[in-house]
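J.: Okay, predicted coordinates and the sequence, questions at the end:
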Amino acid sequence: MTRLVLMGPPGAGKGTQAVFLAASLAVPHISTGDIFRANVSEGTPLGLEAKRFMDAGEYVPDSVTNAMVRDRIAADDAATGFVLDGYPRTTDQVGELGDMLSASGHQLDHVVELIVDTDEVVQRLIERSRIQGRADDTEDVIRRRLEIYFEQTAPLTELYATQGLLVQVDGMGDVNDVTARLLAALGA
Ligand code: ADP
C-alpha cells in the first residue's frame, strides 16, 4: 500500500527506476508520458491533442493531463497504490492530485526526487534519441524540456518538503545502484 510520486528532470532515469520500484512495491507504474505516447501511436483524440505539445517539448495542458490521471488512478489496480512517474508537473496538477486522493481518503506516502547532473542528462537524452528516435528528443526540444522542468516542476518539491514527504536520492551512476539507494531511502 504505497502511493509514491517520482520526480526528476527529463533523462534522470525516472521511467527505468519507476518500473523497478512499482514491481518491488507490487503497485502499478503510472507514467503520463507513456500514456500520452500510447495515445499518440493509437491516434486517439487525446493523442492528437497531446502530440503538438509533446513534439515541442511543452507540457500538455493541465485540464487534459489531470482528467487522464484522474481516470487512471481510479482504476481497480491502483486501489492499493501506485508509482506516479511524470505527474504532477505543475502547481495545478499538485492541487488536483491532492484533491483526487483526499476525495477517497488517501494521501501520498512519499515524493522521491532523483538528483542528477544537468549536463549528464542532456548527453543521456541525446544518446536515447539515437537509439529510440523519440520525436521529442532532438537537442532543441531537450533543452526546452529541461528549461520548463526547472522553471515549473523542480520548485514543486519545496512544497512536498514542507509536508515532510520529500525524499531526495542521488540519481547518478549505475542503474542498479540507484535502485538500491531508492529502496533504502524508502525503507523498502
Ligand atoms: P521526460 O520526463 O523525458 O520529459 P515523459 O515521457 O515523462 O518525458 O513526458 C513526455 C512528454 O509528455 C512531456 O514533454 C509532455 O509534453 C508530456 N507530459 C507528460 N507528463 C505530463 C504532465 N504531467 N503534464 C503535462 N505534460 C506532460
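T.: Structure's in. What do you need? Numbering: from 1, shown residues only.

J.: Contacts only, for residue 39.
T.: Residues near residue 39 by Cβ atoms under 8 Å, 6 or more residues apart in numbering: 46, 47, 50. C-beta coordinates here come from the backbone N, C-alpha and C atoms, glycine included.

J.: rerun at 10 Å
T.: 45, 46, 47, 48, 49, 50, 51, 68 (Cβ atoms under 10 Å, 6 or more residues apart in numbering).

J.: again with residue 82
T.: Contacts of residue 82 (Cβ under 10 Å, 6+ apart): 2-5, 18, 22, 25, 27-30, 69, 72-73, 75, 108.

J.: can you pull up the bridge partners for it?
T.: On the basis of DSSP bridges, residue 82 is bridged to residue 3.

J.: Can you give me the distance of it to residue 76?
T.: 12 Å (Cβ to Cβ, to the nearest Å).

J.: Now do the shared contacts for the two.
T.: In contact with both residue 82 and residue 76: residue 28, using Cβ under 10 Å, 6+ apart.

J.: Which stretches in this protein count as helices?
T.: For the chain, applying DSSP state H gives helices covering 14-25, 32-42, 45-56, 62-73, 91-103, 118-132, 139-148, 156-162, 175-186.

J.: Out of those, indicate the one that is most buried.
T.: Comparing those by mean neighbour count (mean count of other Cβ atoms under 10 Å), helix 14-25 ranks first with a mean of 19.

J.: Go ahead and name everything in contact with that helix.
T.: With Cβ under 10 Å, 6+ apart as the test, helix 14-25 has contacts from 1-8, 27-31, 33-34, 80-86, 109, 112-114, 116, 169, 171, 175-176, 178-183, 186, 188.
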